[in-house]
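Colleague: here is my input; please provide its structure:
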Amino acid sequence: MSYSFDSSRSHSPVSKGGALPAPSQKSRPLWLKSAVLVGGFTMLLYVIEIVDQVSNDRLQRGGVEPRSLDGLWGILFAPVLHGDWAHLFANTVPLLVLGFLVLLSGIARGLAATGIVWVVGGLGTWLTGGSYTNHIGASVLIFGLLAYLLVRGVFTRNFGQILLGIVVFVFYGGLLWGVLPSTPGVSWQGHLFGAVGGVAAAWLLSADARKQRNRKSVGPQSFV
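Modeller: Model (predicted):
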């Protein structure tokens, strides 16, 4: 039995500086990052609800109180507060699905869209909600993310995003009736301005695609 000798394998892989090269690390796929992020946020909502239940519903009093200075803090906290378990259960699946789909366009872009919805939805509710009312719940985010997915493809002229918007509309389009005054005790203002925030986010975050499209439509200029 004979052995061949390869001089290139007789030395350890040491760089010129004498240090071992850093091992290559494959980043997690985007779908996994999205699932972990939206799943972790949803778990946080359940933890908050447990604390709220233990504290005799003290946390849920921190929602948006329209045209009240103290109620402005509710813009930050209202989307993570719920009236009871049934309220949270009703929001869980739509939040998981829509949040996951929005984050699939990119974590940074998805978080930016969520932030715009969060602020616009809360501020709009604070300005237009009924006096001496308290508005809470993740539905403001759900309606915003839904609207974002529905109109994003129209602004970007992206066929895949338009197709996704159609599929989302088939499954969740019926929720849009919630932007109208209907059931007593339901914050239609939060739904409406959450959706407005979603459209605003789609418009703002498609600016790069619209600029690129405009450049292509103008074409190269000739000078004489």
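Colleague: now for the longest helix along the chain, which elements pack on it?
Modeller: Longest helix in the chain by number of residues, with DSSP state H as the criterion: helix 30-54. Contact partners of helix 30-54 among helices and strands, from 3 or more C-beta pairs under 8 Å, 6 or more residues apart in numbering; DSSP states H and E: helix 85-103, helix 107-128. From N, CA and C alone the C-beta is placed, and that goes for glycine too.
Colleague: wait, which of those is closest to residue 183?
Modeller: For the helices and strands packed on helix 30-54, the distance to residue 183 is smallest for helix 85-103, at 12.1 Å, taking C-beta to C-beta.
Colleague: for that closest one, which outside residues touch it?
Modeller: With C-beta atoms under 8 Å, 6 or more residues apart in numbering as the test, helix 85-103 has contacts from 30, 33-35, 37-39, 41-42, 45-46, 49, 53, 82, 110-111, 113-114, 137-139, 141-142, 145-146, 148-149, 164, 168, 172, 175.
Colleague: and that helix, which residues are buried?
Modeller: Using 16 or more other C-beta atoms under 10 Å as the test for burial, helix 85-103 gives 87, 88, 91, 94, 95, 97, 98, 99, 100, 101, 102, 103.
Colleague: let's have those residues in a markdown table, adding pLDDT.
Modeller: As requested, these are exported to a markdown table (pLDDT from 0 to 100):
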| residue | pLDDT |
| --- | --- |
| 87 | 96 |
| 88 | 97 |
| 91 | 97 |
| 94 | 98 |
| 95 | 98 |
| 97 | 98 |
| 98 | 98 |
| 99 | 98 |
| 100 | 98 |
| 101 | 98 |
| 102 | 98 |
| 103 | 98 |
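Colleague: for these, which one is nearest residue 186?
Modeller: Nearest member of those to residue 186, counting by C-beta to C-beta, is residue 87, at 10.1 Å.
Colleague: who's in contact with the residue nearest to the spatial centre of the chain?
Modeller: The chain has residue 114 as the residue nearest its centroid, 3.7 Å off, counting by C-alpha atoms, centre = their mean. When contacts are counted by C-beta under 8 Å, 6+ apart, residue 114 touches 99, 102, 141, 144, 145.
Colleague: hmm, try it at 7 Å
Modeller: 102, 141 (C-beta atoms under 7 Å, 6 or more residues apart in numbering).
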